[in-house]
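**Student:** Sequence and predicted model, in that order:
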Protein chains: 2
Amino acid sequence: MNMANVSADIINHIKDHRSIREYSDQEVSDSDLTEILEAGLRASSSGNMQSYSIIVTKDKNLRRELYPHHFNQEMVLEAPMLLTFCADFNRMKKWLTQSHAPQNFDNFMSFMIASIDAVLASQNCALAAESLGLGICYMGTTLANAQKVGEVLNLPKHVVPIVGFSLGHPLHFEEKKDRLPLKGIVHFEKYQDYTDDEIQEIYKDREEKGMKRYRSVIDLKKKIESGDIQNLAQVYTKIKYTKESHEEFSRNLAHYLLEQGFLN
Amino acid sequence: MNMANVSADIINHIKDHRSIREYSDQEVSDSDLTEILEAGLRASSSGNMQSYSIIVTKDKNLRRELYPHHFNQEMVLEAPMLLTFCADFNRMKKWLTQSHAPQNFDNFMSFMIASIDAVLASQNCALAAESLGLGICYMGTTLANAQKVGEVLNLPKHVVPIVGFSLGHPLHFEEKKDRLPLKGIVHFEKYQDYTDDEIQEIYKDREEKGMKRYRSVIDLKKKIESGDIQNLAQVYTKIKYTKESHEEFSRNLAHYLLEQGFLN
């Protein structure tokens, strides 16, 4: 085995990611699922506490309940399963109680620690799944509608859903999405704030590719042609992510964190 | 090329992770660093916004400034570099302004979205680095002391450090850490809350391995022998992670989020 080849394979594999939104009827085998989950468990976690849980949801009725909370994305029903990664200090706190240890982890810092643990595990699972020829698509709705998703999944106090993805065999592979150039994301030594020219340069290619993509979406096409939407940045914050929606998600999430025992 | 072999290689690679705290003097080559960063950029991100920045810090003086904020972990000085992954809506907001688009992303939900983006990118970088024979060790201090780390790294408003790791050539490979069993982390369909017996079963192996490890730490050995510390759960919340420390980190982080424009 040539180590240089293995490392090239792994990096090429990581770089080859694309989100999969359409799935074939083929099931995910139990052995593949176990491999994926075991890869998740090997991720780093704060203090090796593994303050997360992974929920595997195949049941169609449960997924019908989740469907509106995931904003009616078809893959919620059409993929064979969903994986939901939750920040979880419930398990740890029960162990503390049994061990007559002082309680902790019912605060905002602990929520963040557990969220990071959950996301690290999720990315291991995503990459393991993709290496098996499976496809995934992350759903931001998992957090945007955390309370509703959490209620369907029966989450107890000190557990909050953070990220989730559909999982299954791809019907086809979409093209890879564009990315901002490396120099737009990476800073050497300290943060170097962006000049106006640099911002233009960083987003130039995306503007072109993004507008091309959105022009093919019928509703947006009209708005673009009528002049209501003049560029990609306006697609983002006039249509996709409005201040009002995000302020509502923020209030809902803060309220849920309070209810789940992570704020005091 | 045999695809089954490639997928086994990738999964074995993911499962082979261990944190590296001691590094050789060998530098990380520029070509390796570029591969690692490019792998990071291919991670999923919310709406493909890539709301994160990666800061590569090699300068020894800067790392001396960061050292106390990372609680004097020697690897901060001894590894050839640190990578710090920041939630970043500064870049995006500048682009919105230039494009006469409505502003958004100055709220808690946006902070969470950007944090998740940063963590997904970091795990891609970690796995790419490890595939090249390099080692990493995540530092939770990046978030616990976010404001202090952010000040050294010159972060503008709407940028917050979330996770970071040391990066370099391992001096040696430590043993792989134990993990909780799969059935302790994974739930099928919905969350199945734990019975007392299940908690005991899940943590049994860890109790043994963890106490063995901590008995070899001189300060802890005394406390264990004197009876002040009776089990691993007490190591966690009497010594490593106290309620007081986490409430202080929580207050500091909330204060910093307000200052950085993510709470209102």
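**Tutor:** Perfect, thanks for sending it. Numbering: from 1, shown residues only, chains lettered A, B, ... in the order given.

**Student:** Would you map the helices across chain A?
**Tutor:** Ranges of helices in chain A, per DSSP state H, are A:3-15, A:30-41, A:60-66, A:75-78, A:90-98, A:108-131, A:141-144, A:146-152, A:182-185, A:196-215, A:218-226, A:232-234, A:243-259.

**Student:** want to try TSV for these, with mean neighbour count and distance to chain B as columns?
**Tutor:** C-beta: built from backbone N, CA, C; applies to glycine. Shown next, in TSV, are the helices of chain A (neighbours: other Cβ atoms under 10 Å in any protein chain shown; distance: least, Cβ to the nearest Cβ, whole Å):
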stretch	mean neighbour count	distance to chain B
helix A:3-15	17	4
helix A:30-41	20	4
helix A:60-66	15	6
helix A:75-78	19	14
helix A:90-98	21	5
helix A:108-131	26	4
helix A:141-144	23	6
helix A:146-152	20	8
helix A:182-185	16	6
helix A:196-215	15	5
helix A:218-226	12	13
helix A:232-234	21	3
helix A:243-259	16	4
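
**Student:** I'd like to know which of those lies nearest to residue B:21.
**Tutor:** For those, proximity to residue B:21 was assessed by Cβ to Cβ; helix A:108-131 is nearest, at 17.9 Å.

**Student:** Just to confirm, which residue in chain A is farthest away from the center?
**Tutor:** residue A:100 (35.9 Å; Cα atoms, centre = their mean).

**Student:** Contact partners for it?
**Tutor:** Going by Cβ atoms under 8 Å, 6 or more residues apart in numbering or on different chains, residue A:100 touches B:230, B:233-234.

**Student:** Just the endpoints, please. Distance across stretch A:233-244?
**Tutor:** 16 Å (Cα to Cα, to the nearest Å).

**Student:** Repeat that for stretch A:46-61.
**Tutor:** 35 Å.

**Student:** average model confidence for that stretch?
**Tutor:** For stretch A:46-61, mean pLDDT rounds to 98.

**Student:** any idea how far that stretch is from the chain center?
**Tutor:** Computed by Cα atoms, centre = their mean, to the nearest Å, the chain-centroid distance of stretch A:46-61 equals 13 Å.

**Student:** Domain map for chain A?
**Tutor:** Here the domain assignment for chain A is A:3-175, A:182-245, based on automatic domain parsing.

**Student:** ok, of these, where does mean pLDDT dip lowest?
**Tutor:** In terms of average pLDDT, domain A:182-245 trails the rest of the domains of chain A, at a mean of 92.

**Student:** chain center to it: distance?
**Tutor:** The gap between where domain A:182-245 is centred and where its chain is centred comes out at 21 Å by Cα atoms, centre = their mean.

**Student:** Next: stretch A:155-168.
**Tutor:** So, by Cα atoms, centre = their mean, the centroid of stretch A:155-168 is 10 Å from its chain's centroid.

**Student:** That one near chain B anywhere?
**Tutor:** Yes: Stretch A:155-168 is in contact with chain B by Cβ under 8 Å from any Cβ of the partner chain, via A:155-156, A:159, A:162-163.

**Student:** what two of those have the greatest distance between them?
**Tutor:** Applying Cβ to Cβ across the residues of stretch A:155-168 next to chain B, the maximum distance is between A:156 and A:163, 19.2 Å.

**Student:** okay, those two: which has more neighbours?
**Tutor:** Shown here are residue A:156 and residue A:163; by other Cβ atoms under 10 Å in any protein chain shown, residue A:163 has more neighbours (27 against 15).

**Student:** and that one, what are its bridge partners?
**Tutor:** Taking DSSP bridges as the rule, residue A:163 bridges to residue A:85.

**Student:** Let me see the contact set for it.
**Tutor:** A:84-85, A:118-119, A:122, A:138-139, A:142-143, B:116.

**Student:** one step back: export the helices of chain A as JSON lines, with columns for distance to residue A:47.
**Tutor:** As requested, the helices of chain A are arranged in JSON lines below (distance: least, Cβ to Cβ, whole Å):
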{"stretch": "helix A:3-15", "distance to residue A:47": "27"}
{"stretch": "helix A:30-41", "distance to residue A:47": "15"}
{"stretch": "helix A:60-66", "distance to residue A:47": "31"}
{"stretch": "helix A:75-78", "distance to residue A:47": "34"}
{"stretch": "helix A:90-98", "distance to residue A:47": "10"}
{"stretch": "helix A:108-131", "distance to residue A:47": "8"}
{"stretch": "helix A:141-144", "distance to residue A:47": "23"}
{"stretch": "helix A:146-152", "distance to residue A:47": "24"}
{"stretch": "helix A:182-185", "distance to residue A:47": "29"}
{"stretch": "helix A:196-215", "distance to residue A:47": "37"}
{"stretch": "helix A:218-226", "distance to residue A:47": "46"}
{"stretch": "helix A:232-234", "distance to residue A:47": "41"}
{"stretch": "helix A:243-259", "distance to residue A:47": "21"}
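
**Student:** any idea which of the contacts of residue A:163 is closest to residue A:69?
**Tutor:** Looking across the contacts of residue A:163 and measuring by Cβ to Cβ, the closest to residue A:69 is residue A:142, at 8.7 Å.

**Student:** and the closest one, what does it touch?
**Tutor:** Counting by Cβ under 8 Å, 6+ apart, residue A:142 has contacts A:70, A:84, A:149, A:161-164.

**Student:** Could you work out the most separated pair of those residues?
**Tutor:** Using Cβ to Cβ, those span at most 14.2 Å, a distance reached by A:70 and A:162.

**Student:** Was I right to think residue A:65 contacts residue A:152?
**Tutor:** Yes: at 4.7 Å, residue A:65 counts as touching residue A:152 under the criterion of Cβ atoms under 8 Å.

**Student:** Which residue would be the closest one in the stretch 1-150 of chain A to chain B?
**Tutor:** Residue of the stretch 1-150 of chain A nearest chain B, by Cβ to the nearest Cβ: residue A:99 (3.3 Å).

**Student:** Assess the claim that that residue and residue B:234 are in contact.
**Tutor:** Yes: contact criterion Cβ under 8 Å: residue A:99 and residue B:234 qualify, at 6.3 Å.

**Student:** Next, count neighbours for residue A:160.
**Tutor:** 27.

**Student:** got a list of what the residue nearest to it when sequence neighbours are not counted touches?
**Tutor:** Nearest residue to residue A:160 in three dimensions, chain neighbours excluded: residue A:87, at 4.8 Å (Cβ to Cβ, 6 or more residues apart in numbering or on different chains). The contact partners of residue A:87, by Cβ under 8 Å, 6+ apart, come to A:51-52, A:111, A:114-115, A:117-118, A:159-160, A:162, A:262.
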